[in-house]
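> Fold the following for me, if possible:
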Amino acid sequence: MPVSAELAEDWVDRWERQQERYAVEREERFTVITDAVEQVVGSRERPLIVDLGSGPGSLAARISARLKHAEIVAVDIDPLLLALGRVHHREAARYVEVVIGQADWLKALALDRPVDAVVSTTALHYPSAGALLGIYRDLAGALRPGGILVNGDHLVPEEPELAALATAVGRRRAGRRGVDEIEDWSAWWTAIGRIPEFTHLLAARERQLPPCEGDGNGLSAAQHGELLREAGFRQVGSVWQYGISSVLVALR
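Numbering: from 1, shown residues only. This next block holds a predicted model:
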């Protein structure tokens, strides 16, 4: 049963709302990521941008709206979220289902030239440090010299007191915005599971291997930076942060 445009719009809108629970100042973080990409590659004739862990195309759609001349490849493991993106944000990107970091995963993207920018939000905290180093090496090889990687994620300081303070600051901001009243991740998936049009996609999702086990690698921005430099990036640093919500950039 095909997913209609109306159905996809409803569930992507609902996805956007529930994601507000998990990223402090999510919209501003998207804007900062897009600003960084535009600053570095916006003047190129047809910049090639890869969005890792794209979900239904939330970030890809925002970048596409700003950089209409860009070609965006949205990459994710989840067939249901990709299907929503293909219907609701069909003009924003080309969607590819692949496990990031698996053997020859970049070949699955069918890239025809060096990448100008790689972006990601809340996807690169899942792989182990060893696996992440391999991913960063793959991306360093795919990016053109002068290209940029921009990662928006939850990056907790290594120092326990600073980690507690950053987390508290974010929670205070979230509390003022009333995000606790928003539908959460589990409720969203439970609700979409009741929709007949998504049955085949949910079955495909169940067959997929998860990208990793556990809650994440727990790496700080500094630890990500060490891995990025080891992988071949020449400069790494944070350009935005609110609580533990951060935007880390790496220049090739």
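> From now on I want contacts and neighbour counts done on CA atoms only, so please keep to that.
Fine.
> show me the biggest strand of this structure in terms of residues.
strand 143-154 (DSSP state E).
> For that strand, name the packing helices and strands.
Contacts defined by 3 or more C-alpha pairs under 8 Å, 6 or more residues apart in numbering; DSSP states H and E place strand 143-154 against helix 26-41, strand 115-121, strand 245-251.
> Take those and write them to JSON lines, including distance to residue 203.
As requested, the helices and strands packed on strand 143-154 are exported to JSON lines (distance: least, C-alpha to C-alpha, whole Å):
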{"stretch": "helix 26-41", "distance to residue 203": "30"}
{"stretch": "strand 115-121", "distance to residue 203": "25"}
{"stretch": "strand 245-251", "distance to residue 203": "33"}
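> In JSON lines: the ones you listed, plus mean pLDDT, distance to residue 237 and mean neighbour count.
Below are the helices and strands packed on strand 143-154 laid out as JSON lines (pLDDT from 0 to 100; distance: least, C-alpha to C-alpha, whole Å; neighbours: other C-alpha atoms under 10 Å):
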{"stretch": "helix 26-41", "mean pLDDT": "97", "distance to residue 237": "12", "mean neighbour count": "18"}
{"stretch": "strand 115-121", "mean pLDDT": "98", "distance to residue 237": "15", "mean neighbour count": "25"}
{"stretch": "strand 245-251", "mean pLDDT": "97", "distance to residue 237": "6", "mean neighbour count": "23"}
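> Output the longest strand of the chain in CSV with nothing but the alpha carbons.
Extracted in CSV, the C-alpha atoms of strand 143-154 (Å, rounded to 0.1, in the frame of the first residue of the first chain):
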residue,chain,number,x,y,z
LEU,A,143,35.7,14.9,0.8
ARG,A,144,37.5,17.3,-1.6
PRO,A,145,40.4,19.3,-0.1
GLY,A,146,38.8,22.3,1.7
GLY,A,147,35.5,20.4,2.2
ILE,A,148,33.7,20.4,5.6
LEU,A,149,32.1,18.0,8.0
VAL,A,150,29.4,19.4,10.3
ASN,A,151,28.0,17.4,13.1
GLY,A,152,25.2,18.5,15.3
ASP,A,153,24.9,16.2,18.3
HIS,A,154,24.7,15.7,22.1
